[in-house]
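A.B. asks: sequence plus the predicted model coming up.
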Amino acid sequence: MDNQNSSLTFRQFPISNWILGILFLGLAATNLFGQGLSIGSTDFIFMVVEIVAGVFLILSGWIMIIDANRNTQLLTVRTIAMIHGSYKEIPFNDIAAIQLEMNPTNSSRQRGGLTCRIVAVRKNGEHVPMSFFFNVGNKGKEQMVEKLRACLNVKGDDAGMGNVFQVASQLAGQQFQKEQEAVTSSEVEEHVTDGVHWTLETQAFGGMPVSRWHSPDFKSSGFFLYLVQKTPGERTSGGLMAKTLYKTSMALFGFSGNLTPNERQAELLSPLDPQLENDFSAYTSNTNQAHQMLNPWTIEALAVWAQSHPPAKSNRGDELAVLYSPAGLYLATMGLTNPDFLDEVAKLGAELVKAQSGL
């Protein structure tokens, strides 16, 4: 704040433009003072291109100045550039909110990630950007948003403040869902395999897609049973550390809340049947009922799956996770799924549901 806390000013500079422009001009200078440079030569043409590119980058860069003045009750957004510029004044009483505007990115390096920018939301619904582009990183932007809100005495959509990770997952999940539906079919559509009804859900965790097969045809009664494939050589251990690992594992697939009732009472289910012990580990909030659910038909279906779909030791994340919950049966894997693999998962899910219903 300036002038006894009466004004708040932020400046943004096109640092990347300037750096690239200087680099191009530096390359041009290297060619200019090199030996044997003649008009019309390849080096001369490259030099001209480098000069033009360098000058263009420097001149086209925008400087943005944001000023919130309590004395005048005006928020000004000014852009300055050698080629063009703009100036906008917004009265404080015309501003409904200051917030972070989120946008998913599909770039190869940030697939499923999140970019954001700061916007002033006017009461007529207009969004006035206070940064040039959507870009990665939100820490500095959060601080700027907090200061602007305090100065203007407005609020905003706090979904982008303390829960940026959650917003990122939601946006990434929407993008992954579109990609999954392009390969299989609409996730709203219900499917039937061997008389068992199911749907496919696509979510995101930390920018990674998660595919969940779900059937409501069998539901556990007030408890959950979670099974996950072991990687080759993996050992099952108990104790507090094991509980933490299982909670983390379930969170990867979005299994929490109503899907995992009485989670505080949950414990490792061990030992398992010899057919499963080497390939699965289990965690449950009711050991007695969990043992009953692992009947011979269930054990056989899981054992056959483990033999035909062993997870790779070097690629943690391709293992199958199974959750029996009050909301139904879930089979989950990391990544998007293709139609052939989905058919295999659906057949396994149908077998597990029928194993509990005695069909």
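C.D. replies: Looks like it came in fine.

A.B. asks: flag the shaky bits of the protein, pLDDT-wise.
C.D. replies: 1-5, 34-41, 83-84, 102-115, 132-140, 157-188, 204-207, 233-242, 312-318, 358-359 (pLDDT under 70).

A.B. asks: could you chop it up by domain?
C.D. replies: 7-162, 184-357 (automatic domain parsing).

A.B. asks: point out the most buried one among those.
C.D. replies: domain 184-357 (a mean of 17; mean count of other Cβ atoms under 10 Å). C-beta: built from backbone N, CA, C; applies to glycine.

A.B. asks: what separation do you get for residue 230 and residue 321?
C.D. replies: 12 Å (Cβ to Cβ, to the nearest Å).

A.B. asks: check residue 341 too.
C.D. replies: The spacing between residue 341 and residue 321, counted by Cβ to Cβ, is 15 Å.

A.B. asks: do the same with residue 153
C.D. replies: The gap separating residue 153 from residue 321 is 48 Å, by Cβ to Cβ.

A.B. asks: equivalent analysis for residue 307, please.
C.D. replies: Relative to residue 321, residue 307 is positioned 18 Å away (Cβ to Cβ).

A.B. asks: check residue 357 too.
C.D. replies: Distance, residue 357 to residue 321, by Cβ to Cβ: 22 Å.

A.B. asks: cool, residue 228 as well?
C.D. replies: The spacing between residue 228 and residue 321, counted by Cβ to Cβ, is 5 Å.

A.B. asks: which residues are common contacts for these two?
C.D. replies: Taking Cβ atoms under 8 Å, 6 or more residues apart in numbering as the criterion, residue 228 and residue 321 both touch residue 249.

A.B. asks: contact partners for the residue lying closest to residue 196 once chain neighbours are set aside?
C.D. replies: Leaving aside its sequence neighbours, residue 196 sits nearest to residue 350 (Cβ to Cβ, 6 or more residues apart in numbering; 4.0 Å). Going by Cβ under 8 Å, 6+ apart, residue 350 touches 193-196, 198, 215.

A.B. asks: can you give me the helices for the stretch 201-350 of the chain?
C.D. replies: Applying DSSP state H, counting those that start in this stretch to the stretch 201-350 of the chain gives helices spanning 239-252, 274-277, 287-293, 296-308, 339-357.
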